[in-house]
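K.L.:
Sequence first, then the predicted structure, then my questions.
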Amino acid sequence: MSMITHLRVESFVAFQQPLEWSGHSSLNVIIGVNDTGKTHLLKLLYAMTRSMEDHARKKAGPEPRELSELLASKLRWTFLPQKMELGRLVTRAGGQRLGVELRWNQDGRLKFGFGRDTSVRINELQVEELGQLAGHKATFLPPKEILSIFDAIVATRESAEIAAFDDTCYDLVQDFRQPTVAGHWKPRIKQVFRHLEEVTGGGEVELQADGAIVFRRGKELFNMHQTAEGIRKIGILSRLMRNRRLTPAGGCMLFVDEPEVNLHPKAIVLFADMLHEFAQSGVQVYLTTHSFFLLKRLEQLARQHRTDYTLLDLRKSPAGGVTGQVCALQDGLPLNPIVEESLKLYDGDVALDLGEV
């Protein structure tokens, strides 16, 4: 199955120096303090893979579009830069030109670049073995839930085309709208459903015939504003699995930005188990996190199953910009800012117990 293996970025937002990220696996975690570019990397990966998905779909339609055009539009609507100009994504402290290279399998590659004066077009683009990703789907789950603002997202984009919500939200609305499909589930996906039911208490988010979104638990129906935000956020996964948006069949990539937001620690651990089941089923997973609970559980799963989950630790460089270090979670959790803060709290408890504070 095709899989992303390498990402290189240069002069991209916070990344003044080149960042080489090799050895991607079935599940990839990005950590770092605020303003180290975690979400920027996640959105960049999504924008590229979603553009390639859209290109493959439109290629067979009556109005095919060039990949460069689709990618330029997706970058603009995913990052919403000032004046909607691509050149605003080029770091002001580094080189004059942004450069990005994405690789998959052994020989697949998408490479592009542009300068600070670029507005809406990408003229420098190379692609090889794009067909290896045919059938792949890219899905992005943002930190905040979208179901309670569903109508606002649709109205601002489809009626007025206002840059109020980026494409990670709008695309998710489109994905949610797709009808469900009957069929059998792979054992790993069945396990995701079981974890999801435990988090939601056996309830499920539903899209009704009149377009209303409700949360059903037994015979009771609740509108989205009556439903806990954490449940609204992850309840969307059920619909995405049932309409075959999130499926290993044909290839799938799932990008999750800070999944711990609005979730209880128990639900965070269960969410980590869900991501593990997705990864083991054949879905390539990317996520960012600030949560010790999530990070620790993923490390335990990597060690328990001896699987090659990777951790990208982003750090601010004294020389300016951001650097990154990659390690394998099955080798254990390395010392990092999340762990360091947890240890400081533990040391504080010890000091209190000893009467040293």
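P.N.:
Noted; the coordinates are in hand. Quick caveat: nothing in here was measured; it's all calculated off a predicted structure.
K.L.:
Based on its surroundings, how many neighbours for residue 201?
P.N.:
Other residues within reach of residue 201, judged by other C-beta atoms under 10 Å, total 10. Backbone N, C-alpha and C define where each C-beta goes, glycine included.
K.L.:
swap that for residue 300, please
P.N.:
Using other C-beta under 10 Å, residue 300 has 15 other residues around it.
K.L.:
What of the one 10 residues further on?
P.N.:
By the criterion of other C-beta under 10 Å, residue 310 has 21 neighbours.
K.L.:
May I have the secondary structure class of residue 286?
P.N.:
For residue 286, the assignment made with DSSP: H, G, I helix; E, B strand; the rest coil gives strand.
K.L.:
contacting residues for it?
P.N.:
28, 30, 42, 45, 253, 254, 255, 256 (C-beta atoms under 8 Å, 6 or more residues apart in numbering).
K.L.:
Find me the pLDDT at it, would you?
P.N.:
In the prediction, the pLDDT value recorded for residue 286 is 98.
K.L.:
and it, bridged to which residues?
P.N.:
Counting by DSSP bridges, residue 286 forms beta bridges with residue 28, residue 255.
K.L.:
any idea how far residue 45 is from it?
P.N.:
6 Å (C-beta to C-beta, to the nearest Å).
K.L.:
who touches both of the two?
P.N.:
Common neighbours of residue 286 and residue 45 (C-beta under 8 Å, 6+ apart) are 253, 255.
K.L.:
Tell me which residues of stretch 164-175 come out buried.
P.N.:
For stretch 164-175, the neighbour count (16 or more other C-beta atoms under 10 Å) marks 165, 166, 167, 168, 169, 170, 171, 172, 173, 175 as buried.
K.L.:
mind checking how far it is from the chain centre?
P.N.:
Offset of stretch 164-175 from its chain centre (C-alpha atoms, centre = their mean, to the nearest Å): 13 Å.
K.L.:
Now name the helix or strand holding the closest residue to residue 29 other than its chain neighbours.
P.N.:
Leaving out its chain neighbours, the residue that sits closest to residue 29 by C-beta to C-beta, 6 or more residues apart in numbering is residue 311, at 4.9 Å. Applying DSSP states H and E as the criterion places residue 311 in strand 310-316.
K.L.:
Now tell me what touches the next helix-or-strand element following that strand from outside.
P.N.:
Scanning forward in sequence from strand 310-316 by DSSP H and E, the next helix or strand is strand 322-328. Strand 322-328 is contacted by residues 14-17, 19, 21-23, 32, 36-37, 302, 308-317, 334 when judged by C-beta under 8 Å, 6+ apart.
K.L.:
thinking again about what came up before, send the alpha carbons of the strand holding residue 311 over as CSV?
P.N.:
Provided in CSV are the C-alpha atoms of strand 310-316 (Å, rounded to 0.1, in the frame of the first residue of the first chain):
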residue,chain,number,x,y,z
THR,A,310,7.4,7.9,14.7
LEU,A,311,7.8,11.1,16.8
LEU,A,312,8.9,14.4,15.3
ASP,A,313,10.0,16.7,18.1
LEU,A,314,10.1,20.4,16.9
ARG,A,315,12.3,22.8,18.9
LYS,A,316,13.0,26.5,18.5
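K.L.:
who does it pair up with?
P.N.:
When DSSP bridges is applied, strand 310-316 pairs with strand 27-31 (parallel), strand 322-328 (antiparallel).
K.L.:
residues making contact with that strand?
P.N.:
Applying C-beta under 8 Å, 6+ apart, the contact partners of strand 310-316 are 21, 23-25, 27-33, 35-38, 41, 295, 322-329, 333-334, 336.
K.L.:
repeat that for 7 Å
P.N.:
21, 23-25, 28-32, 36-38, 322-329, 336 (C-beta atoms under 7 Å, 6 or more residues apart in numbering).
K.L.:
Restricted to helices, list the buried residues of stretch 164-175.
P.N.:
Counting by DSSP state H, the part of these found in helices is 167, 168, 169, 170, 171, 172, 173, 175.
K.L.:
Just put these in TSV and tack on pLDDT and distance to residue 218.
P.N.:
Formatted as TSV, those follow (pLDDT from 0 to 100; distance: C-beta to C-beta, whole Å):
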residue	pLDDT	distance to residue 218
167	96	36
168	97	32
169	96	30
170	96	33
171	96	32
172	96	27
173	94	27
175	95	27
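K.L.:
Out of those, flag the one nearest to residue 75.
P.N.:
Of all these, residue 75 sits closest to residue 167, with 9.2 Å by C-beta to C-beta.
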